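> please find the sequence and the predicted model below.
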Amino acid sequence: MTANTIYTAIFLATCATYLCRAMGVFSAKNINTNSPVFNWIKCVSIGIISAVISKIILFPAGILSETESESRIVATIVTLLAYFLFKKNVIFGIFAGVTTFLLMNFYF
Amino acid sequence: MFSLISFRQGVSHAFGVPALGLGSSMFAFGAYLKSSGFDLFQSFASSFFTFALPGQFVMAETMLAGGTFLNIFLAVLLTNARLFPMTVNLIPIIRHSSHSKWKYYFLAHFIAVTSWFNMFAVHKQLQQQNKFDYFLGLGGFLWFNAVICTMLGFSISHLVSHEFLIGLVFINPIYFLIMTVSNLNEKKLTTSVILGAVFSFILYQYTPEWSVLIAGIASGTLSFFIFKKENNDS
């Protein structure tokens, strides 16, 4: 893998990513926040994000794929429980989730 | 006119949990790039210019797997396609007549899941003319933090254990999950989230590359039409 290959890959990734953002700005120019289109896009956006989270937790790539799927699912449930039990405290939610995840993978 | 106060408020919002949520994964990504043969400047360039972690990861993975440049471009385009509806959704929230159009093309670089959610969480409390500068502070700081954390991950990840690194990577999806849940103030959004997760799981069995995009569009569209009356009433 040469340096030129890596730089070209970074350049292409940048173009592909910015294209999505720029098209978004361009398409947004005639949309106002009370329109049905705006509400539909909001539903789609949050649906896509939910799908991304689901994919990362259930079918991860990279080093997360070295871990047990049960640990990721249980830790996700614990995260949500802790978040709601501790009055929607984000720190507690994350701490409980990560701790459960690490304990299940490396100590049990 | 630029509002330094709003900009600072945006930075202050990003500082803390949002920066930790994103930065932890960027740190692990920096470590991954090092193990994949990138150098420090290339790692810096990836986060500086792209600033969208799933796409950055796919770029490196596709390249390491021997994919062509066209493969890389299409894979990243597909992975980061979520940024299109997110941007369409965020710009009307921020828009103000005092800003020229080109500025939004600059600001768009800072739109990512973390900044998007955090902006949506507070935008109703901000005055319209201050939202642009607030988001510049919020998104700009998260971007800056992502670049620094990528470089830190590249440089010092050998000092932390493999288990710790895996724990850091896991922070990102659960932080996204909490942000998602905290924004569910309408039935149609809750339905979108549940259907998006279920559809993603099912579709992954048949078309892993397209599963996220199809699941998101299908769940969002279905929820929108199920709660069409609610949309008309609001």
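Perfect, thanks for sending it. In this text, all values refer to a predicted model and were calculated from it rather than measured experimentally.
> distance between stretch A:2-16 and the chain's centre?
Here stretch A:2-16 is found 23 Å from its chain centre; the criterion is C-alpha atoms, centre = their mean, to the nearest Å.
> what about dumping the CA coordinates of the helix or strand where B:Trp116 lies to CSV?
Using DSSP states H and E, B:Trp116 sits in helix B:113-122. Extracted in CSV, the C-alpha atoms of helix B:113-122 (Å, rounded to 0.1, in the frame of the first residue of the first chain):
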residue,chain,number,x,y,z
VAL,B,113,-24.6,12.1,14.3
THR,B,114,-23.3,13.6,17.5
SER,B,115,-23.6,17.3,16.5
TRP,B,116,-26.9,16.6,14.8
PHE,B,117,-28.5,15.1,17.9
ASN,B,118,-27.1,17.7,20.3
MET,B,119,-28.3,20.5,18.1
PHE,B,120,-31.7,19.1,17.9
ALA,B,121,-31.8,18.7,21.7
VAL,B,122,-31.3,22.5,22.3
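> which helices and strands does that helix pack with?
If you count contacts as 3 or more C-beta pairs under 8 Å, 6 or more residues apart in numbering or on different chains; DSSP states H and E, helix B:113-122 packs onto helix A:36-58, helix B:4-14, helix B:17-35, helix B:83-94, helix B:131-156, helix B:162-182. The C-beta positions use only the backbone N, C-alpha and C, and glycine is treated the same way.
> same for the following helix or strand past the third one, what does it pack against?
Put plainly, it is helix B:17-35. Reading on from helix B:17-35 to the C-terminus, the next helix or strand found by DSSP H and E is helix B:40-49. Other elements packing on helix B:40-49 under the criterion 3+ C-beta pairs under 8 Å, 6+ apart are helix A:3-27, helix B:17-35, helix B:53-64, helix B:131-156.
> tell me the buried residues in the third one?
For helix B:53-64, the buried set under the neighbour-count rule, 16 or more other C-beta atoms under 10 Å in any protein chain shown, comprises B:Leu53, B:Pro54, B:Gly55, B:Gln56, B:Phe57, B:Val58, B:Met59, B:Ala60, B:Glu61, B:Thr62, B:Met63.
> ok, the closest residue to chain B within chain A - contacts?
With C-beta to the nearest C-beta as the measure, A:Gly24 is the residue of chain A nearest to chain B, at 2.4 Å. Going by C-beta atoms under 8 Å, 6 or more residues apart in numbering or on different chains, A:Gly24 touches B:Leu83, B:Phe84, B:Pro85, B:Met86, B:Thr87, B:Val88, B:Leu90, B:Ile91, B:Ala108, B:Ile111.
> go with 7 Å
For A:Gly24, the contacting residues are B:Leu83, B:Phe84, B:Met86, B:Thr87, B:Val88, B:Ile91, B:Ala108, by C-beta atoms under 7 Å, 6 or more residues apart in numbering or on different chains.
> with distance to chain A and pLDDT added, can I get the residues you listed in a markdown table?
Formatted as a markdown table, the contacts of A:Gly24 follow (distance: C-beta to the nearest C-beta, whole Å; pLDDT from 0 to 100):
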| residue | distance to chain A | pLDDT |
| --- | --- | --- |
| B:Leu83 | 4 | 94 |
| B:Phe84 | 5 | 94 |
| B:Met86 | 5 | 94 |
| B:Thr87 | 2 | 96 |
| B:Val88 | 5 | 95 |
| B:Ile91 | 4 | 96 |
| B:Ala108 | 4 | 97 |
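> tabulate these (CSV), appending neighbour count.
Listed next are the contacts of A:Gly24 as CSV, based on neighbours: other C-beta atoms under 10 Å in any protein chain shown:
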residue, neighbour count
B:Leu83, 28
B:Phe84, 24
B:Met86, 29
B:Thr87, 25
B:Val88, 23
B:Ile91, 23
B:Ala108, 23
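> tell me where the model's unsure across chain B.
For chain B, residues meeting the criterion pLDDT under 70 lie at B:230-234.
> swap in 80 and give it another go.
Along chain B, segments meeting pLDDT under 80 span B:1, B:229-234.
> do me a favour and get the backbone dihedrals for A:Met99.
To be clear, residue A:99 is Thr; Met isn't right here. phi -60, psi -50 (degrees, to the nearest 10).
> quick check: chain neighbours aside, which residue is closest to B:Asn71?
Excluding the flanking residues, the one nearest B:Asn71 by C-beta to C-beta, 6 or more residues apart in numbering or on different chains is B:Thr62, at 5.5 Å.
> could you pull up the contacting residues of that neighbour?
B:Thr62 sits next to B:Asn71, B:Ile72, B:Ala75 when contact means C-beta under 7 Å, 6+ apart.
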